[in-house]
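Novice: Need the 3D shape of this:
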Amino acid sequence: MSKLETKFVNDIAGKFFVKSYQRGYRWGKSEVERLLEDVFALKGHGGQATKNYCLQPIVVKNLGDENFELIDGQQRLTTIFLIYNYMHKASNGFFEEPNFSLDYETRDKSADFLANIDVARKDENIDFWFMANAYETIERWFAAKGQKSVVMGNLKNFFAYNVKVIWYEIDDTENATAMFTRLNIGKIPLTCAELVKAMFLSNENCNSDRRRDEIALQWDNLEKELHNDSLWYFLTNDATKKYQTRIDLILDLIAGKKIDNRDKYATFFYFDGLKKRGDDLNELWQKIVQTFLLLKDWHENHELYHKIGYLIASGYKNLSDIYAASKNKSKREFLSQLDELIKASIKLKVDENYSAWNYTEDAERIRRLLLLFNVESVRQNGEQSQWFPFDKYKFGDEKNSWSLEHIHAVNSQEVGKQEQWREWLKLHRASLENFPDDNKTLLDEIDKLLKISEIKGEKFRALQKKILDKLSPESMSESTIDSIANLALLKCENNSALGNSVFDVKRNEIINLDMHGAFIPFCTKMAFLKYYTKSEQTQIHFWSATDRREYIRAINFVLKDFLSEPIKFADKEN
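Specialist: Coordinates of the predicted model:
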């Protein structure tokens, strides 16, 4: 029967056997110091610990009479043994010896050397060398801290009352060698989710195989459903880099684990604490299932999906914040709370004008506003038939990242690479061919320059200026170019030539990308299709002052419920 619990380090007792399938002790200076520093970091005012701390799991097989086969945790347990051993000797016996010992199946001298470190013998074999070095590291660490007896007293108290290990005794029927291989050679760690799962499936919780099978099946189904990217990327901005299994998100949510909490097993400790308090684990399991169903309901509700999705995608709030805001609220109250959070996410200062925001200074604020513009446009326009694809927006293509792009760029900055100059010229040549004016002379100049094996910088810049003058609308001030009226969310696939292109070139490329199934944010596509401009005022080749004014009016209209006051168009051309 498997056993899963937590133990204070000071309560570890017994004799641990290290079988031949394991390598010897191999921790170096950095690992030993990290363990000491992590424990010592608990010290608060007056030497009292400010929090609890968890070491990695100790996985054993119970051999009876407090004898254990040590499957995983040899490095940590050996280091803890050496720390106790050092404190005992350095205090002349004031601090007791370790309550446990280690023995080795094929290293018969190592147990004695570990208990009686003799640095002079460290070169006898590789195991002695690592053990002696670790002991010397511990000795130097205490010396560097000063007030050695006080520091030793602190560590002794922390080990007794604040520092725990996850104690996992595997079932008698399990193969210890296979378990060791999975945890070490296979590099598959014993995850927090696995430990919580083992708790729910333990014999003390499940009184029948049928109940155990039910929980195991539900667990697997939850994990499977969370691998639906539409649901996962609605709930989180993390591309599973943080979560080893996706059900961890639900467990962390219930445990109230903060994003900045780096304790790998904090969530397991939360559930373990509830178990020790006497909470019914079956009721706790139902809470996990119900929490998942609540999140799934949010995902399937058109209005909640878009409002919650925006708050998370924008980075203004995370799932934990939203979950807390939903507690003890009716659906109407919850929606009202979400609206207030959205308003706060784009809140203006007194007398501040959105349209005066600058690309250089206000990029993040503009990005958030345009994301809301896109999300709300889809929500209001979709009538539940359209859903903003947060999965594609966040991680649809990890090679590229979304950025604010000028709808019409007049940046003549050269990158200095021949292939980028040539690409820029080809893109703009295609646009000139479709212009109603006679551009034969300009087209000939482009063809002539493209035939040259190495284009000179001055030649490129001179021709670039002519092309920009031809393809640009009426004069745009620098503030207008960098204002929100000339910005959209766009992914240019790291193509600087396209990024520095005029409106008509970008428009053609966006239409091409859209035809081939690429995700273009709704409002970005509408802007380049001149959706916001009345037909009698539309000309397809330029992004004019009229287009910019109508773009701002569209933002005003869509976001009217979230703006403290309408955005005023700051363009001097108005």
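
Novice: Now for the chain, the helix or strand with the poorest mean pLDDT.
Specialist: Across the helices and strands of the chain, mean pLDDT, DSSP states H and E gives its lowest value to helix 496-499, namely a mean of 57.

Novice: buried set for the next helix or strand after it?
Specialist: As assigned by DSSP states H and E, the chain's next helix or strand after helix 496-499 is helix 503-515. For helix 503-515, a neighbour-count test (16 or more other Cβ atoms under 10 Å) marks 503, 504, 505, 506, 507, 508, 509, 510, 513 as buried. To be clear about C-beta, it is placed using only N, CA and C from the backbone, and glycine gets the same treatment.

Novice: do stretch 312-321 as well
Specialist: 312, 313, 314, 316, 317, 318, 319, 320.

Novice: What is the nearest of those residues to residue 549?
Specialist: The shortest approach to residue 549 among the buried residues of stretch 312-321 belongs to residue 314, at 25.9 Å (Cβ to Cβ).

Novice: got the buried residues of helix 503-515 as JSON lines, with pLDDT columns?
Specialist: Shown next, in JSON lines, are these (pLDDT from 0 to 100):
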{"residue": "503", "pLDDT": "80"}
{"residue": "504", "pLDDT": "80"}
{"residue": "505", "pLDDT": "80"}
{"residue": "506", "pLDDT": "83"}
{"residue": "507", "pLDDT": "84"}
{"residue": "508", "pLDDT": "84"}
{"residue": "509", "pLDDT": "83"}
{"residue": "510", "pLDDT": "85"}
{"residue": "513", "pLDDT": "85"}
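
Novice: and which of those is nearest residue 153?
Specialist: Closest approach to residue 153 among those (Cβ to Cβ): residue 513, at 66.4 Å.

Novice: For the residue lying closest to that closest one once chain neighbours are set aside, give me its contacts.
Specialist: Closest residue in space to residue 513, ignoring its immediate chain neighbours: residue 520 at 6.3 Å, by Cβ to Cβ, 6 or more residues apart in numbering. Residues near residue 520 by Cβ atoms under 8 Å, 6 or more residues apart in numbering: 490, 510, 513, 514.

Novice: which residues touch the last one?
Specialist: Spelled out, that is residue 514. Residue 514 neighbours (Cβ under 8 Å, 6+ apart): 520, 525.

Novice: For the remainder of this discussion, apply numbering that starts at 481.
Specialist: Sounds good: first residue 481 from here, last item residue 994.

Novice: From residue 673, how far off is it?
Specialist: Distance of residue 994 to residue 673, computed by Cβ to Cβ, to the nearest Å: 40 Å.

Novice: just residue 594 next, same as before
Specialist: Applying Cβ to Cβ, the value for residue 594 to residue 673 is 34 Å.

Novice: Which one's more surrounded, those two?
Specialist: residue 594 (25 against 22; other Cβ atoms under 10 Å).

Novice: Where does that one sit, in terms of helix or strand?
Specialist: Assigned by DSSP H and E, residue 594 belongs to helix 590-595.

Novice: Dump that helix to CSV, restricted to CA.
Specialist: Extracted in CSV, the C-alpha atoms of helix 590-595 (Å, rounded to 0.1, in the frame of the first residue of the first chain):
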residue,chain,number,x,y,z
SER,A,590,31.1,4.8,2.3
ALA,A,591,28.7,4.5,5.2
ASP,A,592,31.5,4.6,7.7
PHE,A,593,33.2,7.5,5.9
LEU,A,594,30.0,9.5,5.8
ALA,A,595,29.5,9.1,9.5
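
Novice: What is that helix packed up against?
Specialist: helix 554-570, strand 580-584, helix 606-625 (3 or more Cβ pairs under 8 Å, 6 or more residues apart in numbering; DSSP states H and E).

Novice: looking at those, which is buried most?
Specialist: Mean neighbour count (mean count of other Cβ atoms under 10 Å) peaks for helix 554-570 among these, with a mean of 21.

Novice: Next, give phi and psi for residue 1041.
Specialist: Here is the backbone geometry of residue 1041 (degrees, to the nearest 10): phi -80, psi -10.

Novice: What is the neighbour count of the nearest residue to it once chain neighbours are set aside?
Specialist: Leaving aside its sequence neighbours, residue 1041 sits nearest to residue 819 (Cβ to Cβ, 6+ apart; 7.0 Å). A count of neighbours around residue 819, defined by other Cβ under 10 Å, yields 13.

Novice: Surely residue 819 is within a strand?
Specialist: No. Residue 819 sits outside any strand when classified using DSSP: H, G, I helix; E, B strand; the rest coil, being helix.

Novice: got the buried residues for stretch 691-702?
Specialist: Along stretch 691-702, these residues count as buried under the neighbour rule (16+ other Cβ under 10 Å): 692, 695, 698, 699, 702.

Novice: Okay, and the closest residue in space to the fourth one that isn't next to it in sequence sits in which element?
Specialist: The shortest distance from residue 699 to any non-neighbouring residue, by Cβ to Cβ, 6+ apart, is to residue 677 (5.9 Å). When secondary structure is defined by DSSP H and E, residue 677 falls within helix 672-681.

Novice: Show me how the record splits the protein into domains.
Specialist: 483-670, 689-825, 834-890+952-1038 (automatic domain parsing).

Novice: separation between the residue nearest the centre of the chain and residue 728?
Specialist: Computing the C-alpha centroid of the chain and ranking residues by Cα atoms, centre = their mean puts residue 718 first, at 3.6 Å. Separation of residue 718 from residue 728 (Cβ to Cβ): 10 Å.
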